[in-house]
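# Okay, predicted coordinates and the sequence, questions at the end:
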Amino acid sequence: MSSTYNWKKILGITALAGVILGGCKKLDEGFLSEGLYVPDAPLTVQRGLAFQKTEAILLDGSTRPITFELLDIRRADNKKHADEFFKEYPVYVYTAAIDPAIDTTIEQVNKKRALQKLKPFTFLSSGQWVFNAATDSLPLDVTYEYDIKVTNVAGTKIYKNIATLTTVDPPLVTEQTTGCNFFPDDGSATVGMGSMSMSVTRIKESGATVILKITDKDGKPFNPKTGEIIKRGDRPTFESYARFHPVEYTDTTMVCNFEIAPFPIAKYSAGGTNFNYLIYYRIPSDFATVDKSLTTKIGSVNPLFAFRLMKAGTYLVEIRLPKTTRVIK
């Protein structure tokens, strides 16, 4: 009887184990979510920047390691493949940082850069975009959509239209500052002259040129070739930032080929003073009078201003002095 009981016990345990095992489904290995998303979407591509990198795709609990592959980029308006993203464009690649305090000639600059042909982007296996200066050749204000393939231990999924990206221009001008003071020739107290206007106009996308014009209140330009515009002591001038090519003077303008954007490439410091991007000039009393409502004294007009151009191009920068009339000698 004991033997019969033992066999029944063994058969019962075996049957129970079979039920338990038969009722269990093998778990899938890993997890690949349908809910992956791009956290900084919609993406913006700032044309012409040397480096721009997007954020990593959020995995929504998906198993790592995980890789991403770009499948297609299309224009959102017509759904056509974006050939312009896959062409190569000539851009300068820098092998070392440019230091305007050391690299003062174009020959020195050229030792630190090489002209190469690049596609405007790299798509990383992490799902991030890295854009380069070749984006300047992409059309402006166009929106694109893209598809990716994602793979991990759980398998592979295709994500259509996971996000959009739009080409934009970064702000063309930053660091804008203006000020103007009257310095009496007799050495008496400085007189503030009020608001001074500065207009910065990008007249061409090509080139790397600034045309600087300083005018009186009526728009009549002072002549930098004949001493109507002079340095102000040891303060920085236009030349202080034009490090790679000499400034050219006309009867009405100062012209600088700045070569590398942004311009100025760096802040200016001298004698322990950081001038940021400021430019100082003086219009001597021989060449300017001021409104009598400001002062009846004789003296010089002293503008100071700053601007920073973030992209290459040809720019006209016009400084219009307040309450000032040009005197022709």
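Structure's in. What do you need? Numbers count the residues shown, from 1 in each chain.

# Return the residues in contact with the residue lying closest to Phe222 once chain neighbours are set aside.
Nearest non-adjacent residue to Phe222, counting by CB to CB, 6 or more residues apart in numbering: Glu228, 4.1 Å away. From N, CA and C alone the C-beta is placed, and that goes for glycine too. Going by CB atoms under 8 Å, 6 or more residues apart in numbering, Glu228 touches 222, 283-284, 287, 326.

# What values do phi and psi take at Glu88?
The phi and psi values for Glu88, taken as degrees, to the nearest 10, are phi -110, psi 140.

# could you show me where the strands are in the stretch 1-150 of the chain, in order?
43-46, 52-53, 67-75, 89-94, 113-118, 121-123, 129-131, 143-152 (DSSP state E, counting those that start in this stretch).

# Please identify the buried residues of the helix or strand that the longest one is followed by?
Heading C-terminal from strand 143-152, the first helix or strand you meet, by DSSP states H and E, is strand 155-168. Counting neighbours by 16 or more other CB atoms under 10 Å, one finds that the buried residues in strand 155-168 are 159, 162-163, 165, 167.

# ok, now which ones touch the nearest residue to Arg64 once chain neighbours are set aside?
Distance criterion CB to CB, 6+ apart; nearest residue to Arg64, sequence neighbours excluded, is Asn152 at 7.0 Å. By CB under 8 Å, 6+ apart, the residues touching Asn152 are 30, 32, 62-67.

# Run through this structure and note the low-pLDDT ranges.
The model of the chain has pLDDT under 70 over residues 1-28.

# per-domain residue ranges of it.
The chain breaks down into these domains under automatic domain parsing: 43-168, 173-326.

# quick one: what helix or strand has the closest residue to Val173 other than its chain neighbours in it?
In space, and not counting its chain neighbours, Val173 is closest to Val200: 4.8 Å by CB to CB, 6+ apart. In this structure, Val200 is located in strand 197-204 according to DSSP H and E.

# quick one: buried residues of that strand?
Met198.

# swap in stretch 319-329?
319-324, 326.

# Sounds good, over and out.
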